[in-house]
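Peer 1: Predicted coordinates and the sequence they were generated for:
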Amino acid sequence: MNYDDIKSNVLTTKLESAINWGRKNSLWPMPFGTACCGIEFMAVLASRTDISRFGAEAIRFSPRQSDLLIVAGRISIKMMPVLIRIYEQMPEPKWVISMGACASSGGVFDTYSVIQGIDQFIPVDVYVPGCPPRPEGVVESLMKIQNLIDKEKLSDYALSSSK
Amino acid sequence: MLLEQTLSQMKERFPDIVLDMTEFAGEQILHVKSQHILTVLTALKADGYNFLADLTAIDNLTLGGYERFAVAYHLLCHKTAERLTVKAYVPEEKASLPSVESLWKTADWQEREVFDLFGIIFEGHPNLIRIMNPDDYEGHPLRKDYPRLGRKERDNFPVIERGIQKKKRPE
Amino acid sequence: MTRVTEKSLKTDRMILNFGPQHPSTHGTLRIIMELDGETVTKATPEIGYLHSGFEKLGEDLDFNQYITITDRMNYLSPLCNNVAYALAAEKLMELEVSKRTEYIRVLMCELSRIADHLLSVGMLAVDLGALTAFLYGFRVREDIYDLFEIATGTRLTTSYTLVGGLMRDIPEGFDKAVLKVLDEVNEVANDIETLLNKNRIWHDRTKNIGIISKEDAISYGISGPMARAAGLDWDIRVNEPYSSYEEFDFDVVIALNGDVFDRYLVRMEEIRQSIRICRQSLEKMPSGDVIVDPGLGYSLPPKDEVYNSIEGLIYHFEVTMPNRGMVPPVGEAYMPTESPNGELGFYIVSDGKRTPYRVRTRPPSLINYSIFSKLIEGHMLSDAPAILGSINIIAGELDR
């Protein structure tokens, strides 16, 4: 075994970069599709625009096994407690994409029973505009989440007892 | 023709229930008082109007009409492809009328929806509870005096903070 | 050790929450089921998780603005909703539209019907484990979305019709594009039927499940492919024709048993009949305007007239400014149309102002769903996704 063999088969990096690389290329989305944006999300999963290029094709409808919550569609006052419970059931680290105008701000529906933006109650990372957004827009939002994950540091996840 | 025959006899058969018969845009509308709506609809169903297409209500607060609420039934006869609308007028103080769930099972959910959105009570309904709004909702949203933006129900939820401190970094 | 007897085992019904967030409920439905082992003894559906106040919004938006809201009701076939609302408003105002408008509306409705049936069969297949039918259907649906994009500008929320006509005419070369897509749809329908029609697993999971009788269909107000699968011979396009449907030659598809397999077969055959209608509409398309004369005061003039002539600008302002606007007659109109789910009707009450007084949608999804608790009794838990998929519930229309 000489130096050339080692150089071509061994890679050195920082621990944070390795962890971030692993997390961002295997995001497991949890689609919370309620309305029309849910159909456009299904089009993102289908064959023309294909999310599995990004490693995100494992759609598990269980919050305990996923790390990216995609809220697609309008949220009514009867559905909001369900959304809060699903968000709390997801383990850390987790990210939230608010897809479409209705989830980001209430959309066209300024009425008594539509929540005017889920970011009033849940922390959101990326907003996707559109009614409904084109599938390419959703793919770009996924890439933005990947950029956000890239910049994370291990000290962000420090336990509060270390303060 | 079934429609003409039925309508021409309506006034003789039910003289003190039928208020008026009007026509608009090619369709016939029968206006009745609401306490005896079950007799009128049973007779119409026996005549041939076997399908209840739609059941809804209108709040006549600024439109005017015989009473505050009108419950509209859209009937269809499959044999002759004719439609008829029956409107039953319900006053505001005693907003209730008999349920037609015994004639058509489709009236079950539609009457629950009218109760939820307008507050009209259907006597004899097996399960009259709210269907669209949450169970602890107060008020009847589709009435004309209820504001479109609601009464703060859509702002009353707990705010969840992030579990982990994430610092904001420049893009 | 005591012997375990029937009396000492305390058995009770299990209550299972088929919750509002679940992979195989199509949208936000909740069903509370009581199970005896694996058999469902009682199921109570609970709806309203997407109630957005459409009917309250209809009282604040004027007739042309509400068309954008009707897109979001049945979001699998939004052009059918647009056409239905425009027809109801035109019935109220007693407007006659041109023949070309009617033919284009028929073409768009039938393309939406194909898209809706492909997705509904795809979702039924996915719930029962057959993922391939869903992917095949979605691939050709993307081509249909491309057609919508050429004609209307967007894929899903099209808002194509106006009161009195259409927003814009179809462009050059549209008919060749449509004919090409129709050939592909035919191929995909053949592929899906090859996969599923004689499949043993499909037969076991869908035959004799959820049988609706003809009397139940009439009593529960069921319409559309569900009623035709039960043997009820009622299609509004044939019995009460609207928008020149009487000039087209197509068959009404009826099945006799009323179970899930029959509903699937009726939908696949309706795709083929829709292809026939689309081809006829393209062959016989008349020429002419696609909007009613703006001088009547009801319709928006075309955009190049608005920007280039003073009359176009004045008519545009007369219709859209808040203190002016259309002056419809005082009255009410109910217009039933045949949407892919059943009888979709709009009931508009007007008091003479520029916004309607009350807009009511007769939702086929809600009325078809009410029979579910009767259908699932006695069947097993895993038949629930099959029955739900065959009813084709769309949550936007269910809750409005």
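Peer 2: Ah, there it is.

Peer 1: can you tell me how far the residue of chain B found nearest chain A sits from C:Ile209?
Peer 2: Nearest residue of chain B to chain A: B:Gly150, at 2.8 Å (CB to the nearest CB). Every residue, glycine included, has its C-beta placed from N, CA and C. As defined by CB to CB, to the nearest Å, B:Gly150 lies at a distance of 42 Å from C:Ile209.

Peer 1: now C:Ala384
Peer 2: Distance from C:Ala384 to C:Ile209, by CB to CB: 10 Å.

Peer 1: More neighbours: the two, which one.
Peer 2: When C:Ala384 and C:Ile209 are compared for neighbours, C:Ala384 comes out ahead with 24 against 20, by other CB atoms under 10 Å in any protein chain shown.

Peer 1: hang on, the earlier thing: ok so the residue of chain B closest to chain A is a helix residue?
Peer 2: No - the assignment for B:Gly150 by DSSP: H, G, I helix; E, B strand; the rest coil gives coil, which leaves it out of any helix.

Peer 1: And the average pLDDT for stretch B:136-154 is what?
Peer 2: For stretch B:136-154, mean pLDDT is 87.

Peer 1: so does that stretch get close to chain C?
Peer 2: Yes - using CB under 8 Å from any CB of the partner chain, stretch B:136-154 reaches chain C at B:141-142, B:148.

Peer 1: Please name the nearest non-neighbouring residue to whatever residue of the stretch 1-150 of chain C ends up closest to chain A.
Peer 2: Using CB to the nearest CB, the point where the stretch 1-150 of chain C gets nearest to chain A is C:Gly53, with a distance of 3.3 Å. Of all residues beyond its chain neighbours, the one nearest C:Gly53 is A:Thr111 (3.3 Å), with distances taken as CB to CB, 6 or more residues apart in numbering or on different chains.

Peer 1: how about the one you found, what does it touch?
Peer 2: Listed by CB atoms under 8 Å, 6 or more residues apart in numbering or on different chains, the contact set of A:Thr111 reads B:148-150, C:52-53, C:56-57.

Peer 1: before we move on, the earlier item: restrict the residues of stretch B:136-154 next to chain C to those that also contact chain A, please.
Peer 2: Contacts with chain A within the residues of stretch B:136-154 next to chain C, as defined by CB under 8 Å from any CB: B:141, B:148.

Peer 1: check contacts around C:Ile192.
Peer 2: By CB under 8 Å, 6+ apart, C:Ile192 lies in contact with C:121, C:125, C:133, C:136-137, C:268.

Peer 1: Phi, psi for it please.
Peer 2: Backbone geometry at C:Ile192, expressed as degrees, to the nearest 10, gives phi -60, psi -40.

Peer 1: Just the buried residues of the biggest helix by length in chain A, please?
Peer 2: Using DSSP state H, we find that the single longest helix of chain A is helix A:135-150. Under the neighbour-count criterion of 16 or more other CB atoms under 10 Å in any protein chain shown, helix A:135-150 has A:135, A:137-139, A:141-142, A:145-146, A:148-149 buried.

Peer 1: Put together TSV for the contacts of C:Ile192, with distance to C:Leu76 on each row.
Peer 2: Converted to TSV, those look like this (distance: CB to CB, whole Å):
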residue	distance to C:Leu76
C:Val121	12
C:Ala125	15
C:Ala133	16
C:Tyr136	17
C:Gly137	11
C:Met268	16
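
Peer 1: So, low pLDDT: which residues of chain A?
Peer 2: When the per-residue scores of chain A are filtered using pLDDT under 70, the ranges that remain are A:1, A:158-163.

Peer 1: Please, where are all the strands along it?
Peer 2: Residue ranges of the strands in chain A, as given by DSSP state E, are A:29-33, A:68-72, A:95-99, A:126-128.

Peer 1: Can you get me a residue count around C:Gly37?
Peer 2: When counting by other CB under 10 Å, one arrives at 11 neighbours for C:Gly37.

Peer 1: Now do the phi/psi pair for it.
Peer 2: Its backbone dihedrals place C:Gly37 at phi 80, psi -110, with angles given as degrees, to the nearest 10.

Peer 1: and the residue nearest to the spatial centre of chain B, what element?
Peer 2: Note on chain B: the residue nearest the mean C-alpha position is B:Thr56, at 2.5 Å, using CA atoms, centre = their mean. In this assignment (DSSP states H and E), B:Thr56 forms part of strand B:51-59.

Peer 1: Just put the strands of chain A in JSON lines and tack on distance to chain B and mean neighbour count.
Peer 2: Conversion of the strands of chain A to JSON lines gives the following (distance: least, CB to the nearest CB, whole Å; neighbours: other CB atoms under 10 Å in any protein chain shown):
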{"stretch": "strand A:29-33", "distance to chain B": "15", "mean neighbour count": "25"}
{"stretch": "strand A:68-72", "distance to chain B": "12", "mean neighbour count": "26"}
{"stretch": "strand A:95-99", "distance to chain B": "10", "mean neighbour count": "25"}
{"stretch": "strand A:126-128", "distance to chain B": "12", "mean neighbour count": "22"}
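
Peer 1: right, and C:Met335 touches C:Ala88 too?
Peer 2: Yes - taking contact to mean CB atoms under 8 Å, the distance of 3.8 Å between C:Met335 and C:Ala88 places them in contact.
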